[in-house]
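Chemist: requesting a structural model of the entry that follows:
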Amino acid sequence: MNNKYYNWLDERYKLHSLTDYMSKKTVPVNKHSIWYYFGGISLFLFIVQLVTGVLLLFYYKAGENTSFESVKFIMTKVSFGWLIRSIHSWSANLMILAVFIHMFSVFFTKAYRKPRELTWISGFILLLLALVFGFSGYLLPWNELSFFATKVGTDMIGSVPGFGQQLMEIVRGGPDVTGSTLTRFFGLHVSILPLIFIVILSFHLIVIQIQGMSDPGEKSKKRKAMPFFPNFVLRDLLLWLVVLNILAILAVFFPMELGKKADAFASAPAGIKPEWYFLFMFQTLKYIPSQVLFLEGEFFGILMFSLAGLLWFLIPFWDIKTKNGYHNRFVNIIGLTVVIFIIIMTIIGHFI
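Modeler: Coordinates of the predicted model:
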């Protein structure tokens, strides 16, 4: 019976070409193989985001007078609503962490080099979109912390000379963070960003399937590989189950709190901070003097982060192979410095 259905579909959609490809596709096996799974973990956490986000949309109502109340209703009245919201929030944080780990593993294994330049570029754009996802979603509960954190974050845009003030008002929907900001962020979070993210993610996955996974030891004569299906796929699925269990444990034992409703006329609470993935930038800007040469200190810091991000984005085009092969210690030192800097500044920003 199964063969009958398969033959019926194969006759119309040529499934044999896909099954032949899957049976021949392999994944390199080496000391770096563990890092291959973080791309799949990021994908799984994005799927969790989509599913839990759709469930929350059944009850969430965007608006200055409805957002906080609807989230409170989800957490107190809807069956397992508190669990769904906690899973949604924790999966967002873990997805960004997984994408960061995936990016740095690609960086240190030099998997961005020819012919995988577009894989790196699309992956970097996905990281930026994930950060915007987190920033826009943080405001949606419309509580005290999210309100003032968004205010601080958007104020940084206004520090850009010339067009900064206009750009800030476009983002906010006015000169201040109001209900207009909330509805803009809601539309961005649930419609525009998912559409763009899915398109770029599809391209990212397609080019990986075409080119295969990078093998740092590809010059070695003793290359090992495992079949993509079922060996690698089953390992990936097993890891997804592990991550799902971690999500459940975090959501149950460390549920997300709602706090107080946002009040534009109230004073900002002490020690207001952005989400952890922006902390290293936030903390660094604190150490920059108010004036650097002829530039405002905050703008100087944003400018430096922007230039560093651009160089990181374009690394496949300036970090080429050396005469001796793949190793380039200078680039590795840069990457290690960036990792240490992000970790230290994040810890300082969180605990001090």
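
Chemist: neighbours of Glu81, how many?
Modeler: To be clear, residue 81 is Gly; Glu isn't right here. 19 (other C-beta atoms under 10 Å). Yep, even glycine has a C-beta here, placed from its N, CA and C like the rest.

Chemist: what's the answer for Asp155, then?
Modeler: 14.

Chemist: likewise the one 10 residues further on?
Modeler: Number of residues near Gln165 (other C-beta under 10 Å) recorded here: 14.

Chemist: report the contact partners of it.
Modeler: Gln165 makes contacts with Gly158, as judged by C-beta atoms under 8 Å, 6 or more residues apart in numbering.

Chemist: in the one helix or strand it maps to, what's buried?
Modeler: Using DSSP states H and E, Gln165 maps to helix 164-172. Neighbour counts over helix 164-172 (16 or more other C-beta atoms under 10 Å) mark 164, 168, 171-172 as buried.

Chemist: redo those residues as a markdown table? Include pLDDT.
Modeler: Below are the buried residues of helix 164-172 laid out as a markdown table (pLDDT from 0 to 100):
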| residue | pLDDT |
| --- | --- |
| Gly164 | 83 |
| Met168 | 92 |
| Val171 | 92 |
| Arg172 | 93 |
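
Chemist: quick one: the helix or strand containing Leu241 to chain centroid distance?
Modeler: Per DSSP H and E, Leu241 falls inside helix 233-253. Distance, stretch centre to chain centre, for helix 233-253: 18 Å (C-alpha atoms, centre = their mean, to the nearest Å).

Chemist: check which helices and strands it is in contact with.
Modeler: Other helices and strands packing on helix 233-253, by 3 or more C-beta pairs under 8 Å, 6 or more residues apart in numbering; DSSP states H and E, are helix 37-57, helix 81-108.

Chemist: make it 10 Å
Modeler: Here helix 233-253 touches strand 26-29, helix 37-57, helix 81-108, going by 3 or more C-beta pairs under 10 Å, 6 or more residues apart in numbering; DSSP states H and E.

Chemist: what's the closest of those to Phe228?
Modeler: strand 26-29 (5.4 Å; C-beta to C-beta).

Chemist: from the chain's centroid, how far away is that closest one?
Modeler: A distance of 26 Å separates the centroid of the chain from that of strand 26-29, by C-alpha atoms, centre = their mean.

Chemist: can you check stretch 65-85 too?
Modeler: Counting by C-alpha atoms, centre = their mean, stretch 65-85 comes out at 25 Å from the chain centroid.

Chemist: quick one: contacts of that stretch?
Modeler: Contacts of stretch 65-85 with the rest of the structure, by C-beta atoms under 10 Å, 6 or more residues apart in numbering, involve 51-53, 55-56, 58-63, 86-87, 139-144, 146-147, 179, 182-183, 186, 248, 251-252, 255-262.

Chemist: would you list the buried entries among these?
Modeler: So, of the contacts of stretch 65-85, 52-53, 55-56, 60, 62, 86-87, 139-144, 146-147, 179, 182, 186, 251, 255-256, 258, 261-262 end up buried under the neighbour-count rule (16+ other C-beta under 10 Å).

Chemist: just the ones of the residues you listed in helices?
Modeler: 52-53, 55-56, 86-87, 139, 144, 146-147, 179, 182, 186, 251 (DSSP state H).

Chemist: give me the buried positions along the helix or strand hosting Ile347.
Modeler: Element membership of Ile347 [criterion: DSSP H and E] is helix 329-351. Neighbour counts over helix 329-351 (16+ other C-beta under 10 Å) mark 331, 334-335, 342, 345-346, 349 as buried.

Chemist: brilliant, that's me finished.
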